[in-house]
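Novice: build the 3D model from these lines:
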Amino acid sequence: MKNRKTIHIEWGDCDPAQIVYFPRYFEYFDNCTTALFAKAGFSKRQMLKTYGIIGIPLVDVQSRFIVPSHFSEYVVVESEIIKWGTSSFCVQHKLFKAKVLAVECFETRVWAAASEKDPDKIESRPLPREVIEKLSRGSAAHSGRRKRK
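Specialist: Coordinates of the predicted model:
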């Protein structure tokens, strides 16, 4: 499953040269991950309640910044999960500026809950099958090429 989100670059997203300040891209991508789950029918609030998790924290990120984005432009982010593990997954985000790939990002996230032994700590939990199934519909990760960690 892919999700597309259009983002308007605001003044506050930019540095003095009116170019998007790089940490803002990571905020965009975090919001796009949430939107991807919502498209599959999993609001963040629902996931926390239904599955007893504390969230899906980011544990690794890699990005390539190819073309800068500027104040007042519109960009489109395509997001999809490209790899599933037992408790982790990789989200690929592609940010397009007028159909040109401007930024590419890979996030590794973990399905996490409070530790049963020490509630002040978090630990990974296996991803529920229904979450994988709904988010994999129509994607390469679902076509038998799914990788598990």
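Novice: nearest residue to the most centrally placed residue in the chain in space, please, no chain neighbours.
Specialist: By CA atoms, centre = their mean, the chain has its centre lying nearest to residue 33, at 2.9 Å. Among residues not flanking residue 33 along the chain, residue 91 sits closest, at 5.3 Å (CB to CB, 6 or more residues apart in numbering). Placement of C-beta: from N, CA and C, glycine included.
Novice: what's the local residue count around that neighbour?
Specialist: 25 (other CB atoms under 10 Å).
Novice: ok so, going back, the residue nearest to the centre of the chain: which element?
Specialist: Taking DSSP states H and E as the criterion, residue 33 maps to helix 22-39.
Novice: now residue 34, nearest residue through space, not along the chain?
Specialist: Nearest non-adjacent residue to residue 34 (CB to CB, 6+ apart): residue 44, at 5.7 Å.
Novice: related to what we said a few turns ago, so who does the residue nearest to residue 33 touch?
Specialist: Residue 91 sits next to 29, 33, 36, 79-82, 106-107, 109 when contact means CB atoms under 8 Å, 6 or more residues apart in numbering.
Novice: quick check, nearest of those to residue 132?
Specialist: Checking the contacts of residue 91 against residue 132 by CB to CB gives residue 81 as the nearest, at 8.5 Å.
Novice: OK, contacts around that closest one?
Specialist: 1, 36, 89-92, 135-136, 139, 141.
Novice: in CSV, list the C-alpha atoms belonging to whichever strand or helix holds it.
Specialist: Element membership for residue 81 (DSSP H and E) is strand 74-84. Taking C-alpha atoms only, strand 74-84 is exported to CSV below (Å, rounded to 0.1, in the frame of the first residue of the first chain):
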residue,chain,number,x,y,z
TYR,A,74,4.1,22.2,-2.9
VAL,A,75,5.8,18.8,-2.7
VAL,A,76,4.3,15.3,-2.7
VAL,A,77,5.5,12.5,-0.5
GLU,A,78,4.9,8.8,-1.5
SER,A,79,5.3,6.4,1.5
GLU,A,80,5.2,2.6,1.6
ILE,A,81,6.5,-0.2,3.8
ILE,A,82,9.1,-2.0,1.8
LYS,A,83,10.3,-4.6,4.3
TRP,A,84,8.8,-6.4,7.2
